[in-house]
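Engineer: pasting a predicted model and its sequence here:
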Amino acid sequence: MLQKNDAIIKIRGHHPQELIKKYGSPLYIYDEITLRQNCRKIKEISHLPGFSIYYSTKANSSIELLKIIKSEGVKADAMSAGELYLVEKAGYTPQNILFMSNNLSKDDLSQVVNRGLNICLDSIDEVESFFKLSPGKDVSIRINNGISDGHSAKVKTAGKVKFGISPKDIDLAHEIARKSGGGINGFFSHIGSFFLDYDIFHHNVLNLLSLAEKYPKLKYIDFGGGFGIPYYENQQNEFPMKDYQKIFDKTLSDWQNKTGHKVNFSIQPGRFVVATSGICLCRVNSIKENFGRSFVGTDLGFNFFPRPMLYDGHHQILNSSRDSANPPKICDVVGNLCESGDILGKQVELDRETKVGDILLLKDAGAYCFSMSSNYIAMPKPAEILIKEDGTILPIRERETIEDLAKSQLYT
Ligand SMILES: Cc1ncc(COP(=O)(O)O)c(C=O)c1O
């Protein structure tokens, strides 16, 4: 997606300075070609008939991207009424949507139970509420079997964390369902976000399958998301879909043959689908040195780019202007908020000398970047644009205005 020549780094032929001039800074840019390639890559994980991929909307819920993902035959996972609204706007119909709940009230549940979605519940209390609202129906549950992995403790999602129903309570969930005349029809899991090899994922697959053996009425088994991409330049490759496919499919088919259970298997990837399709541009507004440490100050704070602050997430930063032959300085690249933790990259070695007015480019910004952005410090959120397959630009989100900040406020 990036073309580096001596004068500038271009994005699919587009000049970053010109994009910023037209759409403002900071700016999120997505590449349709990469997004489609990622959808095709993730589908390589299984060739079994009936296998589903649910794209985890939380990674990026921009409608135009959801439409592309849908057109690649990838289904959607939603976690809130808002995500549900957006995936429906993108054209998803109930049979292609999975609703993953977490700590929903009976009222929240009542909004989703009768919409024909596949629903996965996260606690015994939700199971009770569900069967009070829909006696006689079937629903899936999320199992917390203690197997977890992730790039930060904040995204490890099994073990001593809030998610899922412990294996000791699976029978209780079945009993509540049975009493209402309904059933538990699926076991779902999600071990956490970000792994680059398949050992831990496979360990979870084996564990979930062994838990599922004694429940012949299960129709769905889902192994969650978490498939990683290399954020560091010299990091190992992304999750090896093709290599794992043979092991995965053999494990699933052997299990079906052994148990005689007819089950639809699925996964819920977010990051793998969208991360590498996104880039965030920002402008350098000041350069300084404080007590021997160099700072490159940009207009991109953690309100609009939260992963480094929230998770110590790493994003490769490049200077798109390449007109200086001077050697780079090691610096902290920082944002424009009044917090010392407002850091995009610590001790970054930009490949050229950086000057005020240069445009920096943060890679792998498609997942958990815009979708986690906020209006902290009352700043209007940036615009998003899509570079279409034919290279043309489609604006997909307007930059917010100052007036938007007061829209939902009540004041006299
Ligand atoms: C239940 C569930 N499924 C899937 C995902 C997607 O994870 P990833 O984007 O790492 O693939 C998440 C992420 O938090 C999740 O909570």
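Structural biologist: Looks like it arrived, so ask away.
Engineer: tell me the domain ranges of this structure?
Structural biologist: Domains of the chain are assigned by automatic domain parsing as 2-30+275-406, 32-274.
Engineer: as CSV, those domains with mean neighbour count, distance to Thr412 and mean pLDDT would be great.
Structural biologist: To be clear about C-beta, it is placed using only N, CA and C from the backbone, and glycine gets the same treatment. Compiled in CSV, those are given as follows (neighbours: other Cβ atoms under 10 Å; distance: least, Cβ to Cβ, whole Å; pLDDT from 0 to 100):
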stretch, mean neighbour count, distance to Thr412, mean pLDDT
domain 2-30+275-406, 18, 13, 94
domain 32-274, 18, 29, 95
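Engineer: this structure: helices as residue ranges?
Structural biologist: For the chain, the helices defined by DSSP state H cover 16-23, 32-42, 63-71, 81-89, 106-110, 124-133, 170-179, 199-212, 241-259, 271-274, 307-311.
Engineer: closest one to Glu389 among those?
Structural biologist: Across those, Glu389 has its closest neighbour in helix 32-42 (4.9 Å, Cβ to Cβ).
Engineer: list the helices and strands the closest one packs on?
Structural biologist: helix 63-71, helix 271-274, strand 383-387 (3 or more Cβ pairs under 8 Å, 6 or more residues apart in numbering; DSSP states H and E).
Engineer: and with 10 Å instead?
Structural biologist: strand 52-56, helix 63-71, helix 241-259, helix 271-274, strand 278-290, strand 383-387 (3 or more Cβ pairs under 10 Å, 6 or more residues apart in numbering; DSSP states H and E).
Engineer: and that helix, anywhere near the ligand?
Structural biologist: No. Using Cβ under 6 Å from any ligand atom, helix 32-42 stays clear of the ligand, coming no nearer than 9.4 Å.
Engineer: what does the stretch 51-200 of the chain put close to the ligand?
Structural biologist: Near the ligand, when you scan the stretch 51-200 of the chain using Cβ under 6 Å from any ligand atom, you find 56, 58-59, 100, 157, 190, 193-194.
Engineer: change it to 8 Å
Structural biologist: Residues of the stretch 51-200 of the chain found near the ligand (Cβ under 8 Å from any ligand atom) are 54, 56, 58-59, 77, 79, 100, 102, 142, 150, 155, 157, 163, 188, 190, 192-194.
Engineer: in strands only, show me the residues you listed.
Structural biologist: 54, 56, 77, 100, 142, 188 (DSSP state E).
Engineer: quick one: Leu386 and the ligand, what's the gap?
Structural biologist: 20 Å (Cβ to the nearest ligand atom, to the nearest Å).
Engineer: name whatever forms a beta bridge with that residue.
Structural biologist: Beta bridges link Leu386 to Tyr30, Leu394, judged by DSSP bridges.
Engineer: list the contacts for it?
Structural biologist: 28-32, 35, 62, 64-65, 68, 277-278, 392-397 (Cβ atoms under 10 Å, 6 or more residues apart in numbering).
Engineer: what do you get for Leu310?
Structural biologist: Counting by Cβ under 10 Å, 6+ apart, Leu310 makes contact with 152, 154-155, 302, 341, 368, 372.
Engineer: max pairwise distance over those residues: which two?
Structural biologist: Across the contacts of Leu310, the longest distance by Cβ to Cβ is 18.4 Å; it joins Val155 and Gly341.
Engineer: show me what from the stretch 301-412 of the chain comes close to the ligand.
Structural biologist: Residues of the stretch 301-412 of the chain lying near the ligand (Cβ under 8 Å from any ligand atom): 367-368.
Engineer: shouldn't Gly146 be in contact with Ala158?
Structural biologist: Yes. The pair Gly146 and Ala158 passes the contact test of Cβ atoms under 10 Å, sitting 5.7 Å apart.
Engineer: setting aside sequence neighbours, what's the nearest residue to the residue of the stretch 1-150 of the chain found nearest the ligand?
Structural biologist: The nearest approach of the stretch 1-150 of the chain to the ligand comes at Ser56, 3.6 Å away (Cβ to the nearest ligand atom). Closest residue to Ser56 apart from its sequence neighbours, by Cβ to Cβ, 6 or more residues apart in numbering: Gly270 at 3.3 Å.
Engineer: for that neighbour, give its distance to Ile165.
Structural biologist: According to Cβ to Cβ, to the nearest Å, Gly270 and Ile165 sit 22 Å apart.
Engineer: try Val334
Structural biologist: For Val334, the distance to Ile165 - Cβ to Cβ - is 43 Å.
Engineer: for Lys329, give me phi and psi.
Structural biologist: phi -110, psi 140 (degrees, to the nearest 10).
Engineer: which residues touch it?
Structural biologist: Applying Cβ under 10 Å, 6+ apart to Lys329 gives the contacts 287, 289, 294, 296, 348-350, 353-354.
Engineer: just want the most central residue of the chain.
Structural biologist: Ala59 (2.3 Å; Cα atoms, centre = their mean).
Engineer: is it true that that residue touches Phe227?
Structural biologist: No. Look at Ala59 against Phe227 with Cβ under 10 Å: they stay out of range, at 11.2 Å.
Engineer: residues shared between the contacts of the two?
Structural biologist: Common neighbours of Ala59 and Phe227 (Cβ under 10 Å, 6+ apart) are 193, 269-273, 275.
Engineer: Serialize the residues you listed to a markdown table and add fields for distance to Pro94.
Structural biologist: Converted to a markdown table, these look like this (distance: Cβ to Cβ, whole Å):
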| residue | distance to Pro94 |
| --- | --- |
| Ser193 | 26 |
| Pro269 | 21 |
| Gly270 | 20 |
| Arg271 | 25 |
| Phe272 | 25 |
| Val273 | 21 |
| Ala275 | 28 |
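Engineer: distance check, the residue of the stretch 301-412 of the chain at minimum distance from the ligand against Tyr55.
Structural biologist: For the stretch 301-412 of the chain and the ligand, the shortest gap (Cβ to the nearest ligand atom) falls at Ala367, measuring 6.0 Å. Shown here: Ala367 relative to Tyr55, a distance of 11 Å by Cβ to Cβ.
Engineer: what is in contact with the two at once?
Structural biologist: 269-270, 272-274.
Engineer: alright, calling it a day.
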